[in-house]
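**Q** predicted model, plus sequence, below.
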Amino acid sequence: MPSHQDDQDLINFQQYWRILKRRWFLIAIIMGSVFGVTGLVAFSKKPIYESEGKLLFNKESGLSSLTGVNEQLGQLSGVTNLSNPLETEAEIIRSNPLTQKTIAELHLKDKLGQPLEIDTFLSNLKIKSIRGTDILQLSYRSANPQQATAIINKLMSAYLENNVRINRSQARAAREFLNKQLPLVEAKVAEGEAALRQFKEKYEVVSLEVEAQEGVRSLNELSNQITQLRARLVDARSRSGALQNQLALNTKQAMALSTLSQSRAVQEVLSEYQKVQDLLAVERSRFTDGHPVITSLLSKEQALKEQLERRVTQTLGSAQPIPDQDLQIGELKQTLTANLVQVEVERLGLENQVGVLMKAFVLYQARLRTLPKLEQLQLQRQRQLQVAQTTYEQMLKRLQEVQVLENQNVGNARIVSEALLPKKPISPRILLNLALGGFLGFFLAIAAALLLEAGDTSVKTTEEAQELLDYPLLGTIPVFEQKDKLARGESITELPVLNNPYSSVNAAFEMLQINLGFTFSDKELKVIVVSSSVMNEGKSFVAANLAVATAQMGKRVLLIDADMRRPRQHEIWQKPNLMGLSNVLVGQATLAGAAKEVVSNLELLTAGTIPPNPVALLDSQRMNGLLKHAAQDYDCVIIDTPPLSVLADASIVGKMADGMLLVVRPGVVNSAAAKTTKALIEHSRVLVLGIVVNGVNTGNNHYMYSYYHTQTGENNSGKKDRIKSNLSRITGLHLF
């Protein structure tokens with residue numbers, strides 16, 4: 001089942017198709033004009049030839065990749081991340097020096113014989129990069145194929161020469177810069193070497209790393225030796241104290257006794273002294289103290305004593321009182337004394353060794369503390385020297401490479417495809433231009449038609465009217481051919497149903513009358529109000545001819561002209577308007593006296609005297625009573641009323657009738673008026689029976705009415721009787 005959207009799309013398509021049919025002449029003119037101009041331009045334009053050449057670019061020149069100077073020279077790269085190197089080279093090719101050189105060398109002239117302008121040259125030159133490659137494609141358009149080929153080849157060769165010249169100039173500038181900077185860098189290298197040497201001489205540095213390792217190892221060894229010596233020193237001190245306690249001598253005394261006991265001179269004098277003392281003790285037993293022997297011995301004893309003291313002083317180096325009994329000791333005491341002296345000597349030696357090792361330990365420790373600072377200073381000087389040396393080596397290497405590059409003739413591009421003589425022109429492309437002209441003309445024509453249609457708000461077709469008002473379509477009245485009759489000198493009439501019963505208009509009103517009979521199946525339709533949205537839609541024409549068609553069906557019909565402002569029915573029927581509806585409503589006349597029979601079964605009640613306030617008369621009980629009385633006396637009452645969007649008369653009368661027939665004329669009513677009319681009808685709650693479209697072009701619907709044009713010998717009344725009986729038999733409905 002098709003959706004609502006599908007229906008809407010179909011409706012829109014049909015609407016566009018109707019627009020095209022209405023504006024076909026304008027569309028044809030625009031399309032023909034554009035297509036003709038396109039064809040004229042295409043066939044009159046001179047052929048244009050295009051010659052192409054291709055340049056291949058390397059990221060760096062061949063020489064720079066061999067010499068290793070691609071970081072500085074000959075490199076094809078962008079300055080920023082957004083740069084495109086190929087586009088940069090394309091702009092160089094388009095630059096004024098290269099284009100001017102090409103123009104001058106090829107003697108290019110314009111149409112006036114003057115040197116070709118650069119802008120004109122560039123307008124015919126096209127440079128583009130081939131996607132996915134490092135190739136630029138150069139093309140030039142000219143009416144002369146030889147000239148286009150020569151321009152491309154010359155431009156490419158000029159670019160290559162310029163590229164080589166620029167590379168060589170860059171190499172020369174780099175060489176001059178390196179020659180100036182190299183002595184300065186060399187001086188920095190010498191300065192760094194001297195600073196490092198002075199540092200090592202000042203701080204006596206050979207290798208700080210080795211020195212640190214040896215220093216740590218020496219400290220460990222010294223620490224172990226000091227620990228061992230201190231242990232031996234403690235042992236020596238313990239043994240010395242024990243011997244001193246045993247001998248009751250201090251170290252100094254023990255040394256003195258040991259020295260004296262080992263002194264031969266002292267012992268000899270001491271032995272003589274002891275012998276004299278022994279002899280004196282013997283002689284005293286024999287002699288008195290005054291005896292010469294005793295005196296001689298005493299003198300000798302005194303002399304030996306003095307000599308012994310001198311010998312002791314000489315041996316000890318100082319005068320020390322030594323008891324006589326200590327000058328000669330026993331073997332055991334002598335051994336102990338010697339041990340004490342040996343232990344003291346050992347102790348003193350150990351103390352001296354510990355002191356020496358401690359001094360060495362302190363020196364090593366102080367040196368190790370200075371090593372980190374010395375290492376930092378050394379690293380700074382080494383780093384400065386290394387930077388200077390590296391810079392010097394690189395600059396020296398670059399200088400050699402640049403000197404080689406300066407003497408070369410290699411760029412970063414080469415020709416991969418020279419321009420060849422074009423055989424076929426690229427312009428004009430006649431078929432393509434004609435096709436484009438056709439499409440352009442079509443779209444311009446469609447756009448013009450749509451623009452005109454957008455500016456024209458009038459309702460143009462029956463379908464548009466039905467879409468806007470959304471009421472049932474009861475009939476379409478074809479265009480009444482009054483202009484043709486006027487051109488032939490015939491009389492003009494607005495009652496074709498009466499005067500030309502075999503016309504298509506007559507058939508249309510018969511169909512309208514029949515469709516009105518189908519509107520209600522449960523009640524008889526008697527009172528019908530005929531109105532329109534705006535003036536000049538033919539509501540009076542429709543009301544009059546509908547009344548005639550109904551009367552011809554054998555019904556007694558009353559036609560009332562309720563348009564009391566601009567009445568038209570008396571003009572259509574060519575009757576006087578002295579007494580009419582207004583006179584009946586104010587009591588000046590009766591319906592029977594005012595209504596005049598115009599044709600068989602049809603009476604006309606004109607508008608009558610135009611009152612000052614028609615709304616008051618129409619919206620009254622007299623009007624309501626008049627319509628009820630007429631509905632009883634007549635089979636059908638048709639009321640012609642003013643337009644709905646102008647006056648409220650039709651809405652007032654419509655409430656008193658069985659329904660309203662709305663007349664729409666395409667080209668007269670616009671969409672705004674139609675929408676206003678629909679809103680007024682909905683607000684007044686008038687029952688709308690349907691719409692009848694007046695003034696329809698019968699060109700596309702000729703088949704609907706051709707039958708009536710061929711039945712020229714058929715009797716009018718017999719035809720109507722047959723139509724009535726056939727419809728009644730088929731539908732079973734009562735037709736008025």
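**A** Everything's here; your move.
**Q** poorly predicted segments of the stretch 351-500 of the chain, please.
**A** 408-410, 430, 449, 452-460, 480-493 (pLDDT under 70).
**Q** how about the nearest residue to Arg622, chain neighbours excluded?
**A** Nearest non-adjacent residue to Arg622, counting by CB to CB, 6 or more residues apart in numbering: Leu585, 4.9 Å away. (Each C-beta comes from the backbone N, C-alpha and C, glycine too.)
**Q** nope, Val206 is what I meant
**A** Lys200 (7.2 Å).
**Q** go on, Arg286?
**A** Arg286 sits nearest to Val293 (CB to CB, 6+ apart), 8.0 Å away.
**Q** tell me the contacts of that neighbour?
**A** 283, 286-287 (CB atoms under 8 Å, 6 or more residues apart in numbering).
**Q** which of the helices or strands spans the residue nearest to Val206?
**A** helix 145-202 (DSSP states H and E).
**Q** ok so, going back, doesn't Met623 make contact with the residue nearest to Arg622?
**A** Yes - Leu585 is in contact with Met623 according to CB atoms under 8 Å; the separation is 6.0 Å.
**Q** common neighbours of those two, please.
**A** Common neighbours of Leu585 and Met623, counting by CB under 8 Å, 6+ apart, are Leu617.
**Q** how far away is the residue nearest to Arg286 from Pro183?
**A** 113 Å (CB to CB, to the nearest Å).
**Q** ok, Leu86 - contacts?
**A** Counting by CB under 8 Å, 6+ apart, Leu86 has contacts 57, 129, 134, 136.
**Q** that older thread, what mean pLDDT does the helix or strand that the helix holding Lys200 is followed by get?
**A** Next in sequence after helix 145-202, counting helices and strands by DSSP H and E, comes helix 208-247. Averaged across helix 208-247, pLDDT comes to 78.
**Q** look up the closest residue to Ile294, ignoring the ones flanking it.
**A** Phe287 (5.0 Å).
**Q** an error on my part: the question was meant for Arg367.
**A** Gly215 (6.1 Å).
**Q** okay, now Pro496: neighbour count?
**A** Per other CB atoms under 10 Å, the neighbour tally for Pro496 reads 22.
**Q** that one touches Ala508, doesn't it?
**A** No - counting by CB under 8 Å, Pro496 stays clear of Ala508, with 9.5 Å between them.
**Q** select the longest helix from the chain.
**A** helix 331-406 (DSSP state H).
**Q** and that helix, what does it pack against?
**A** If contacts are counted by 3 or more CB pairs under 8 Å, 6 or more residues apart in numbering; DSSP states H and E, helix 331-406 sits against helix 62-67, helix 145-202, helix 208-247, helix 251-261.
**Q** okay if I get those as CSV plus distance to Leu40 and mean neighbour count?
**A** What follows is the helices and strands packed on helix 331-406, written out as CSV (distance: least, CB to CB, whole Å; neighbours: other CB atoms under 10 Å):
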stretch, distance to Leu40, mean neighbour count
helix 62-67, 54, 19
helix 145-202, 25, 16
helix 208-247, 95, 15
helix 251-261, 143, 19
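**Q** figure out which of these is closest to Glu571.
**A** Closest approach to Glu571 among those (CB to CB): helix 145-202, 80.7 Å.
**Q** quick one: closest of the helices and strands packed on helix 331-406 to Thr370.
**A** helix 208-247 (10.0 Å).
**Q** quick check: angle from that closest one to helix 145-202?
**A** Using axes from the mean of the first three to the mean of the last three CA atoms, to 10 degrees, the direction of helix 208-247 lies 20 degrees away from that of helix 145-202.
**Q** what helix or strand does the residue nearest to Arg286 sit in?
**A** Applying DSSP H and E, one finds Val293 within helix 292-316.
**Q** what's the domain layout of the chain?
**A** 1-45+428-456, 49-176+410-417, 212-380, 462-711 (automatic domain parsing).
**Q** how long is the third one end to end?
**A** Put plainly, it is domain 212-380. 18 Å (CA to CA, to the nearest Å).
**Q** check stretch 283-297 too.
**A** End to end - CA to CA - stretch 283-297 spans 9 Å.
**Q** list the buried ones in it?
**A** 283, 294, 297 (16 or more other CB atoms under 10 Å).
**Q** how about the secondary structure of the first one?
**A** This means Glu283. In three-state terms, and counting by DSSP: H, G, I helix; E, B strand; the rest coil, Glu283 is helix.
**Q** quick one: stretch 183-202 to chain centroid distance?
**A** 57 Å (CA atoms, centre = their mean, to the nearest Å).
**Q** same check on stretch 96-111?
**A** 42 Å.
**Q** for that stretch, which positions count as buried?
**A** Quick answer for stretch 96-111 (16+ other CB under 10 Å): 98-99, 101-103, 108.
**Q** again, but for stretch 652-670
**A** 652-654, 656-666, 668-670.
**Q** please apply the same query to stretch 569-586.
**A** 569-570, 572-573, 577, 579-585.
**Q** please flag which of those sit within helices.
**A** Short answer: the buried residues of stretch 569-586 in helices (DSSP H) are 569-570, 572, 581-585.
**Q** go through the residues you listed and name the one nearest Arg168.
**A** Ile572 (104.2 Å).
**Q** the closest one against Leu498, yeah?
**A** No - using CB under 8 Å as the test, Ile572 is too far from Leu498 to be in contact (10.3 Å).
**Q** so which of the helices and strands packed on helix 331-406 gets nearest Leu434?
**A** helix 145-202 (24.4 Å).
**Q** tell me what the closest one is packed against?
**A** Under the contact definition 3+ CB pairs under 8 Å, 6+ apart, helix 145-202 sits against strand 49-57, helix 85-93, helix 96-106, strand 135-142, helix 331-406, strand 413-417.
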